[in-house]
Structures are given as structure tokens and as C-alpha cells.
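Enquirer: Sequence isn't available, so here's the structure alone:
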């Protein structure tokens, strides 16, 4: 871009600045003063109608000209990007001055009531609620009502010295609220010292607030209404706290606190262990045949996709569905038969069409399937409903997926595109409708093509604006978890993590781009080398502080919105170590060359990392290991790359908005660890041109611009979850000090004790100081404790290898397989735990259970006659004419070779984890009985008493969802009496089996055994379909079907062994 390409207005003004008649150079280098003067002149000129109507942006042209000649400018030269700000309505307007005066009167009455008795229970609770509104910032009516119900019938939560309430909003979302230093003293008085004369029944906060206000005898306009009270308190708080906090407190600007489990990770610096069962592994052979859908196959490599013709095909099928009516000629045909015929016509139309992209192919086949099949969430759909669905989703689905195949995509990428498709809806109702359709469509993909499950639809399925808060997934990565992930990838070796050096560095760079820069998934993946601008000077070593990343649309990546096009100052957002890592990776990538690919994440065309013809590294090589690592560190299987954007916005606001020299207590002691954000003070001073102590409104707008949003409201609603921490600090800072007499009265102590409490130094792990700290300590005894003893710090976690994904893996089965390798093959237990990525503690506990199993089954003094040994038929051997006992071989039972049997065991394990505790106890008793009283070589379980038999059957009947236990049980009476004798009938009735349901009693098989006196319980194995039995009969040359006694099901026995090893804690 040359000087002549600039608009005439810019050229003329520059000539006037330089006092030159003409400028002949192609490249004019501006000084900082010239640029500033020219910038403000163009800003003023651009507002005229001549340029506004023509849509000419003079400032953008000037910035583009400087960017084209960036090499000629110093690294410290920065350009300006004007942003139009809309000033909000001031909360403290002229008409609110009298309201503020009334609130000040209420404050004086409130202070007086702390010393004097406040009256009855209604007025006591009203005083507490007023304090929560005035000094605790609880100005939303749904939250104050939730607090009222908890004060009446529940207790606050606590962990160590922290106290908080988990309040429920109108949408059902949970908001974490921490009481301020005044409210906590009133809470101590309410829970510890105050005893209500009678239980309070009214749960409306307005009822108690009116009682408190009326007792003050202060006349309020239009009566003591909650709305007026909240608005007047907001006007008064606007004189004391940050402007962005006011709409958050009043609910005008939605903002969510962290989810409960994420909040527990924040306050404890620990993370939960991975659940015993993550997902149930199922094989295609083990699928329910009623749910199996045969896909309409096609050869995608032979197709020529045509978007216009594809949409015309969708329109034809929609018309076909709408025109389907039951005419007179079809009056005698049932509806199901008519829909089946229509489904076949749709399938024939799909097969005959050669220009359908994969996404539309699956969508149309889903429509044909739903005519005749019900789904998990609804029954069969009518033709008219399906036509409406196709009209709503076909075009946006084609625009989002284009020619990409949904079946071959990763779970993370598929979820990201689903979110993009849903968010493109013009209204909340449109987004909800798209989410419902896509949820049904994805279930079809799961059943037909074994696609990974997707759980994001439910958060969008909300009726009305009131439930919009449910769409926010308030999950972030903690700084210590980020540090653990970085250290792991830095120290990574191929033997330890399964990642080669270049891949590990790329995953680390991807983590930094998400946590430090807030990039979206596709924004990071399709970064080009030319998008990274590094100013080079004579003294520059490594990555400069003025390094910038440009997020711009190009042929491989379209941005989500126009606001997503932005510049990110990565040189200021990374610390020194991260900048050296990024520079090292950049040099390694540049050594590969840009002839075949211009992208940052490219490993060449050499396997296994590189693939010929692929300009960008596979997402499986980058995002899958990173997601796996973060899920193992956080203990949260729902954590994904998109949550790093939440982390960036949340921690940036906390680091920039909090005053660094403030010595007031923090809401959580864990927030004192600021090592990961200490370098951001320089970024704030450089970007915002402010000192640390100077107040500003730029912070929220800057974070919103860096994350790629058009306005801060979107950032504050969806991505920032630290606003409540900052508001808590501000409210405690501006709250007045109450007198020592009031503090002593509330705590029921003398004034001397209250005076001494003020002299006690502030504890670093406490929220409060003085008598507020005393009240909080006393209140802990009346709180519900959150038990996190079983959680582990990230530093103690064994992360294992990252080259295998953890999704669709059963943790209980992994524990058993690791135990099998350790015991049967002698591999060290630490190696086995690390190979399958499980906690060493879980494997050690399973080993203790295995040792008990060996004592019962293979010990020399075991009560079983059979002991597993290499020569099963010999109990002794002779060496030099001496008889020597053969030592038993202690080995765990092997996994079932049949996939169906293995699936039964895994379903039992999954069902066990969903049972209540008392039913789990019954199951564990059955598992222990199978180990203690039944040999592993028996195909059944033996019971010798009636009570044991009935208890074992009751326990196994709890597995109703895992397998058809009632239909699969088979009982055998082991007795020497003749089969048809009365003695045998009497022995059978002695076990009371005739009182059981018919499906159990009829399955019994009486046989004569030499050993007598017990009942054998067996579980029948699958015998195959009738067609399979007939083919087997014909192959053997038999003329008729002979039903033989079916084999025993090993999967049930193995399921009990598996439960005993991995779930038993005694």
C-alpha cells in the first residue's frame, strides 16, 4: 500500500501537518506526534455526513497503511483503534437523591437496632435480610428469597474457615454468595444466639423486610416495596463501588458464579478423583437390536457435492412429507404402514441423489428413521413435524459443516460446530429449537454410526429468557492446575506422555493460546505464520513484548462474528518462560518450511505426525491430548478447550481490576497465589496507559475486545466468573465499622473482648478480621461442612500417558486390567497404574482386595477342594520318591473373551455406581459371598441356607437395568433323591422357591448330583437367535431343533469379581 492509495483527505491533512506542498515518497514514515495529531483530526472529520454516508473509514485506512510498512517503524510505535462506547444510564440520578437520604436514615436505624433489641422473629429476620442487601450486595429478589428459605430451614456451607451460601436463582442456577463482615455477625446471632419462638412459615423476603422497615417508622414512597428498596440501595452503592458491579448486583446484567464443583476446586486447591465409571464401553455386537439402525450407505469419494441441488432435494422431501395424507384409497391402511411406505420412499430418494453432502445425507436418513422409530426423548415424529424440522435445520447445517463428515469428526470439534450452529439462531426461541432438533439428530448418529455422545444440547433447551442462565457453563482452569499442565508438558518424554517432542511443544503452545490469550478452538488451530508479528530490533533477544497475533478470516477459517477479528498482544500476555517456549516452537516450525503449509501447527508430511496433503496437523494430535491432560488434572470429564476462554476472561478481570496494594482480606485464601499473573501489571500499564492505583473503566472493554466480543455484556455474562470476588472486596472495603458495643451485643460478649478482637492480626486464611472473624469461627459449628478429604492436589496426581483418550473408557475395568498385569505377570504396580492413567491409591486398594481373594480361593488351607495349578488333576508330585505338594497358583480370573459377557460385567459396574448406599452394601455382600463361599471354577453360586439364598437373589435383582436378571436366573436343587419323588419336592419347597415370581420358578432345572444339600444359582448365557440355532442344527445334520441346556453366563460371575476388586472398601 503506497501513499497515493490513501484517501485524498488523509494526504491533504498530512501535507498540512508537514507544511509541504507535495509528498513524493511512496512510503511516508510518521512520527508519534504526527500520528496522534492526524488520528484525532480524522476522528473528528469522519463524523461528518460526507464520510458517514459514504461509509469511508479514514482511521482504518491510516492504520492499514502503517501496518503495511510496519518494518520501518520502531517496536514501541503503537496505533489506536477507536471504539464507540455507549454510556449507561447513571444509577444515581437527580430523582434518586431523596431516596439515598431515606436509605441513610434506615442505616442509622439499623445501627441503633444492633445494640437495642430488634423485636420479634419477623423483625429480626428482616434486619438480617436488609443487611444482606445493603452491605452484602444481594439485590436480586430471587436470590434474597432463596436466602430467606435457607435461613429458616437450612444452614450455610463451610470448608475449613470459609462460609458461603449456595442460592438458587429463577432459572435454577446456583449462585455462590459470601456474607460480608457485618452480615456474618448477624448470621452468628441468628443461628447461635437467637431461638425463634415458633417456626417461620412465610418464605417471602418482602414480608420480613416490610416488618423491619415499618418498625423503623420511616415513611417510604409507595410503601416499603422490594423494588424501590433495591433501586435506592443501588443508587447509594453507585457512589462507592465500580460502575460495572451495579447491574451485576441488581440482575440487569446476568453474571454467574462458578459451578459448585469448580468452586470447591478453587477454595481447596484440590480436584476430585475420576469417577469409578466414566462411560460404559459397548461393542456393536452388544447393542440392543431394537435400537440398531442400518445406515443408508454411499460412496462419498464418488460424489460431486452441489449445495444448491442439495437444498432443492431437501425441499422436495419436505414437500413429500407435507403432502402425505390418508386419502380414501388409504383409509383401510394403518398409520404405521403408511409411514413405513413413506420412509422407504425417502430412503429411495436419498439413494438416487448423488450430490448430497454427508451432513444432509445423515439428516435426511434421520428423518426417514424417525417416521417409524422412537427416540430417547420422544416418540415417533409425524411427517408434518419432520418437514418443519428440515426447513429449520437443513440450511444452517449445510452452512456450518459444508462437505465435512460428521461421523469422522472428533467429539470436541463436533461440539464446537454444534455450538456455532445453535448460537447463529436469531433469537433464543430459534436457538432452543435448533438444540432440540440437533439433540434428536445426534442420538441417531450415536445409534447408527457409534458417534461419541454430546451433552451440550441440554443447556440450550430452555423455555424463555428466564432460563437463559442455564446456557452458561461456568467452568475455569485454576492457576495451579495450569502450572501443573505446563510443567508436565515441559518435562514430557515420549515414554512418559506418549507424545514426541514437537507434538508436546505444540500442545503446550495451544494451552498457552487458550489460557493466556482466550482463543477459540478454530482460531488457534488455523493460525498462520504470517499472523504472528514479531518486531525485530538490534537488541531484541527472543520474543519481543510487542509481539502481536492477528486473528483474521481467511480461506480455511471464517470467524464467528466481525468482532472476532482482532489483535492480541501476546508478547505482554505471556511471561518470560512462556515467551521463550513460544519463540523456540516458532523457530522449530519455521525450520520445517512454509512451502507446503502456511499454518503454525504443521509437522510436515512424514508420519506419524505429518500426513501428505494435510496443511494443518490433525486435531486428534493436538486437542485430544490437551483435553485428556486437563480432564485428568481437574478431575472433570466435562472439561474442554473452550473453558480456557472462560479462564482467560475470569483471571484477567481479577488480575487487572483488583488493587495490588490492598491489604484487606481476600474472599478466598487461594487467591493470594498471584505468581501466574504478576507479569500482567506491565501489560495493564502498557495497554491501558494507567498506573496500578488509578481507577479506570477500560478494563472490561479491553478484555471484551481481546476475547473477540462486540460488547462487554456478552463477556460478563458468559465468560467472566470473578465479578463476585471483586464485588465482595469492594463491599467490605466501603462497609462502615459498627461500634464495639454493637459487636459485643451481637456476639453476647463483653466490650473488652470485642476491643481485644480488633487488635488480633488478620489471619491469611480468613475472610474476616476482628469480631467478624470471631463470629465466623463460632458460626462454623452450625454450618454444613463440605467434605473434600478424598480430593487430591494436582501435584500429587499421576497423569499417565496422553496418547490414548480417556473417553469411552471404563475406569473400573482399567483398574482390573492393571491389577491383572501386576499380579499375573509381575509388572511393578507403579508402572501398571501409570500405563492406564489411574490413581496409584485405587490400584493399591484393589490389590488388598485381591489378596483376600487369593486367601479364600488358592490358599493351602482353603475350604475348596480345587486349587488352580498347572496340572489340575494332580494334587501331588513325586521328586526322588518323596511326595511334594504343588503350591497353588494365585492368578486373577481372566476377562471374558465374549464381548457380550464383558459388556454385561461393565453394565453391572455402571449400575452399581448409580444405586443408593444401602443397595450398594447388598451388592458388595453378594460379591464377597461369591469370593468367599464359591469357587472360581464353578459355573454357578452355591447356597446352603435359605436365608443366604434369598439374600443373594434379592441382591442380584438390583441389577435390573444391567441385564434381565429375573429372566436369566436358573436354580438347580442338588440332591440324591429321585427327580419325581415326594422327598425331592419337599426339599425344593423347603427353600421357599415357589413363593418367587413365575419367571424365576419356571426356569429351575432339577438334576441328580452326588453331592446333596444345596441350591446352585446359575445365570443363563445367550443362546443366539432362532435362525442361528436352526442353521447350527442343519449343519449337524439333525432334522429337528433340540433345545439343550444353555451354557452359564461368565459375565455375571466376572462382574461380581470386578465389583469386589475395584469397589469394595472394607
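Expert: Yep, it's here. In this text, all values refer to a predicted model and were calculated from it rather than measured experimentally.

Enquirer: For this structure, which segments count as strands?
Expert: Shown for the chain, the strands assigned by DSSP state E span residues 157-159, 162-168, 174-177, 532-533, 548-551, 566-568, 784-785, 876-879, 882-885, 941-943, 969-975, 1007-1008, 1014-1019.

Enquirer: And the fourth one, how far out from the chain middle?
Expert: Read it as strand 532-533. On the basis of CA atoms, centre = their mean, to the nearest Å, strand 532-533 sits 33 Å off its chain's mean C-alpha point.

Enquirer: Would you mind pulling the contact partners of that strand?
Expert: With contacts defined as CB atoms under 8 Å, 6 or more residues apart in numbering, strand 532-533 is touched by 70, 547, 548, 549, 550, 570, 586, 600. Backbone N, C-alpha and C define where each C-beta goes, glycine included.

Enquirer: For the fifth one, list each beta-bridge partner.
Expert: Residue 550 has these beta-bridge partners by DSSP bridges: residue 567.

Enquirer: Run through the stretch 201-350 of the chain and note the low-pLDDT ranges.
Expert: 274-305, 325-333 (pLDDT under 70).

Enquirer: Need the per-residue pLDDT for the closest residue to residue 626 other than its chain neighbours.
Expert: Closest residue to residue 626 apart from its sequence neighbours, by CB to CB, 6 or more residues apart in numbering: residue 507 at 5.0 Å. As predicted, residue 507 sits at a pLDDT of 94.

Enquirer: And residue 507, how close does it get to residue 637?
Expert: From residue 507 across to residue 637, the span is 19 Å (CB to CB, to the nearest Å).

Enquirer: Who has more neighbours out of those two?
Expert: Legend: neighbour count by other CB atoms under 10 Å for residue 507 and residue 637, higher for residue 507 (26 against 16).

Enquirer: Just confirm that one contacts residue 628, I think it does.
Expert: No: judged on CB atoms under 8 Å, residue 507 makes no contact with residue 628 at a distance of 10.0 Å.

Enquirer: Overlap in contacts, the two.
Expert: The contact lists of residue 507 and residue 628 share residue 802, where a contact means CB under 8 Å, 6+ apart.

Enquirer: residues contacting residue 567?
Expert: When contacts are counted by CB under 8 Å, 6+ apart, residue 567 touches 81, 548, 549, 550, 551.

Enquirer: same deal with residue 362?
Expert: Contacts for residue 362 (CB under 8 Å, 6+ apart) come out as 406, 407, 441, 444, 445, 449.

Enquirer: Would you mark the buried spots in the helix ranked longest in the chain?
Expert: The residue-count maximum for a helix in the chain (DSSP state H) belongs to helix 428-449. Residues of helix 428-449 classed as buried by neighbour count (16 or more other CB atoms under 10 Å): 428, 431-445, 447-448.

Enquirer: What mean pLDDT does that helix get?
Expert: Mean predicted lDDT for helix 428-449 stands at 86.

Enquirer: likewise stretch 709-722?
Expert: Stretch 709-722 carries an average pLDDT of 88.

Enquirer: how far away is the residue most central in space within the chain from residue 385?
Expert: By CA atoms, centre = their mean, the chain has its centre lying nearest to residue 638, at 3.3 Å. Separation of residue 638 from residue 385 (CB to CB) stands at 31 Å.

Enquirer: what residues go with each domain of this protein?
Expert: Per automatic domain parsing, the structural domains of the chain span 3-72, 88-237+737-795, 284-325+334-452, 810-885, 899-922+934-1053.

Enquirer: can I get those in CSV with distance to residue 659?
Expert: Shown next, in CSV, are these (distance: least, CB to CB, whole Å):
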stretch, distance to residue 659
domain 3-72, 30
domain 88-237+737-795, 16
domain 284-325+334-452, 36
domain 810-885, 41
domain 899-922+934-1053, 47
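
Enquirer: Burial check on the residue lying closest to residue 353 once chain neighbours are set aside, number of neighbours?
Expert: With CB to CB, 6+ apart as the criterion, residue 353 has its nearest non-adjacent residue at 5.3 Å, and that residue is residue 313. Neighbours of residue 313 under the rule other CB under 10 Å: 21.

Enquirer: Likewise for residue 800?
Expert: 21.

Enquirer: Over to residue 922?
Expert: The burial count for residue 922: 17, using other CB under 10 Å.

Enquirer: Surely it and residue 956 touch.
Expert: No: if you go by CB under 8 Å, residue 922 and residue 956 don't touch, sitting 9.3 Å apart.

Enquirer: How much space separates the nearest residue to residue 842 once chain neighbours are set aside from residue 928?
Expert: Distances taken as CB to CB, 6+ apart put residue 815 closest to residue 842, at 5.7 Å, once the chain neighbours are dropped. Taking CB to CB as the measure, residue 815 falls 18 Å from residue 928.

Enquirer: and if you look at residue 142?
Expert: Looking at residue 142 against residue 928, where the rule is CB to CB, the gap reads 49 Å.

Enquirer: Residues contacting stretch 211-219, please?
Expert: With CB under 8 Å, 6+ apart as the criterion, stretch 211-219 contacts 102, 105-106, 109, 118-120, 122-123, 126-127, 129-130, 220, 224, 229.

Enquirer: switch to 6 Å and redo it
Expert: Here stretch 211-219 makes contact (CB atoms under 6 Å, 6 or more residues apart in numbering) with 105, 109, 119, 122, 123, 126, 127, 130, 224.

Enquirer: again with stretch 251-271
Expert: In contact with stretch 251-271 (CB under 6 Å, 6+ apart) are residues 140, 159, 162, 174-176, 247-248, 469, 472, 474-475, 480, 634-635, 668, 670, 716-717, 721, 723-724, 788, 791-793.

Enquirer: Report pLDDT for the closest residue to residue 56 other than its chain neighbours.
Expert: With CB to CB, 6+ apart as the criterion, residue 56 has its nearest non-adjacent residue at 6.6 Å, and that residue is residue 7. Residue 7 is assigned a pLDDT of 83 by the prediction.

Enquirer: Can you give me the distance of residue 7 to residue 42?
Expert: 9 Å.

Enquirer: Which of the two has more residues huddled nearby?
Expert: Applying other CB under 10 Å to residue 7 and residue 42 shows that residue 42 carries more neighbours, namely 22 against 15.

Enquirer: related to what we said a few turns ago, and the residue nearest to the centre of the chain, what is it in contact with?
Expert: So residue 638 contacts nothing (CB under 6 Å, 6+ apart).

Enquirer: Check what pLDDT it gets.
Expert: Confidence score, pLDDT, at residue 638: 84.

Enquirer: again, but for residue 830
Expert: 81.

Enquirer: Likewise for residue 53?
Expert: For residue 53, pLDDT reads 67.

Enquirer: ok, now residue 879?
Expert: pLDDT, residue 879: 51.

Enquirer: what do you get for residue 996?
Expert: 62.

Enquirer: So which of residue 815 and residue 928 has more stuff around it?
Expert: Legend: neighbour count by other CB under 10 Å for residue 815 and residue 928, higher for residue 815 (25 against 19).

Enquirer: so that one makes contact with residue 1062?
Expert: Yes: with contact defined as CB atoms under 6 Å, residue 815 and residue 1062 form a contacting pair (4.6 Å).

Enquirer: Find residues that contact each of those two.
Expert: residue 846.

Enquirer: In stretch 970-980, which residues are buried?
Expert: 970, 971, 972, 973, 974, 975, 977.

Enquirer: If you could redo that for stretch 405-420, that was the one I meant.
Expert: Counting neighbours by 16+ other CB under 10 Å, stretch 405-420 gives 406, 409-420 as buried.

Enquirer: who's in contact with that stretch?
Expert: 358, 359, 400, 438, 449, 452, 454, 456, 521, 619, 623, 640.

Enquirer: ok, residue 5 - contacts?
Expert: No contacts exist for residue 5 under CB under 6 Å, 6+ apart.
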